[in-house]
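Pasting the sequence and the predicted coordinates here, then a few questions.
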Amino acid sequence: MLSVNIICVGKLKEKYLQMACDEYIKRLGAFCKIKVLELNEYKVPSNPSQSHIDKCIVSEGEMILGKINSQSSYNIAMCIEGKMLSSEKLAEKFNDISLNGKSEINLIIGGSFGLSEDVKKKSDFKLSMSPMTFPHQLARVMLLEQIYRAFQINNNGKYHK
């Protein structure tokens, strides 16, 4: 069974978002081993300088890199400059990953300032949800929903129709 890890910086603060994530995690249990790894946000002042932001991105990137193994997993960085895929193409991507011998997929959501260049370089693929900007915490719910949809597509489920 494929293992799917959502590696993300920060904890969900809103109960309704946590409930939505919990529902998709429960549904995904039928298709994969799903895990959400929440990493602590790097603390910055309320009006951070560019140097604070740069230090934050690097520090969070180091924490993320400590959680991924590029040898045994397929790593997908969620970033605005990534490629946009339809739900069907994401399903194909997951299929291709498992057919090519990878048993673990890490989907990486950075902190509010984004992902470090080191994390992007270590990633096998860069994925963008949209050219629009979404609240950082909503991205996790949207990603879990799309992962669930991809598994439904690959298993000819009714959810996608």
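Looks like it came in fine.

switch to C-alpha atoms for all contacts and neighbour counts from now on
Fine.

Just give me the neighbour total for Gly110.
Close neighbours of Gly110, defined as other CA atoms under 10 Å, add up to 24.

give the contact list for it.
Gly110 makes contact with Cys8, Val9, Glu60, Gly61, Met78, according to CA atoms under 8 Å, 6 or more residues apart in numbering.

quick one: which two of those residues are the most distant?
Between any two of the contacts of Gly110, the greatest separation by CA to CA is 14.3 Å, found for Glu60 and Met78.

can you list contacts of the helix ranked longest in the chain?
Within the chain, and with DSSP state H defining each element, the longest helix by residue count is helix 136-154. Applying CA under 8 Å, 6+ apart, the contact partners of helix 136-154 are 12, 17, 20-21, 24-25, 27-28, 31, 87-88, 90-92, 94-95, 109, 111-112, 158-160.

again, only using 7 Å
Contacts with helix 136-154, where a contact means CA atoms under 7 Å, 6 or more residues apart in numbering, come from 12, 17, 20-21, 24, 28, 31, 87-88, 90-91, 112, 159-160.

quick check, distance from it to the centre of its chain.
What separates the centre of helix 136-154 from the centre of its chain is 9 Å, taken as CA atoms, centre = their mean, to the nearest Å.

Mind putting the contacts of helix 136-154 into CSV with pLDDT and secondary structure?
Converted to CSV, the contacts of helix 136-154 look like this (pLDDT from 0 to 100; DSSP: H, G, I helix; E, B strand; the rest coil):
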residue, pLDDT, secondary structure
Leu12, 90, coil
Leu17, 94, helix
Ala20, 96, helix
Cys21, 96, helix
Tyr24, 97, helix
Leu28, 97, helix
Phe31, 95, coil
Ser87, 95, helix
Glu88, 95, helix
Leu90, 97, helix
Ala91, 96, helix
Ser112, 87, coil
Tyr159, 71, coil
His160, 61, coil
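
buried subset of those?
Among those, those classed as buried by 16 or more other CA atoms under 10 Å are Leu12, Leu17, Ala20, Cys21, Tyr24, Leu28, Phe31, Ser87, Leu90, Ala91.

Find me whatever residue is spatially closest to Ser59, sequence neighbours aside.
Setting aside the residues directly before and after it, Ser59 is nearest to Tyr42 in space (CA to CA, 6 or more residues apart in numbering), at 6.9 Å.

for Ile25, same thing?
By the measure of CA to CA, 6+ apart, the closest residue to Ile25 outside its immediate chain neighbours is Ile34, 6.6 Å from it.
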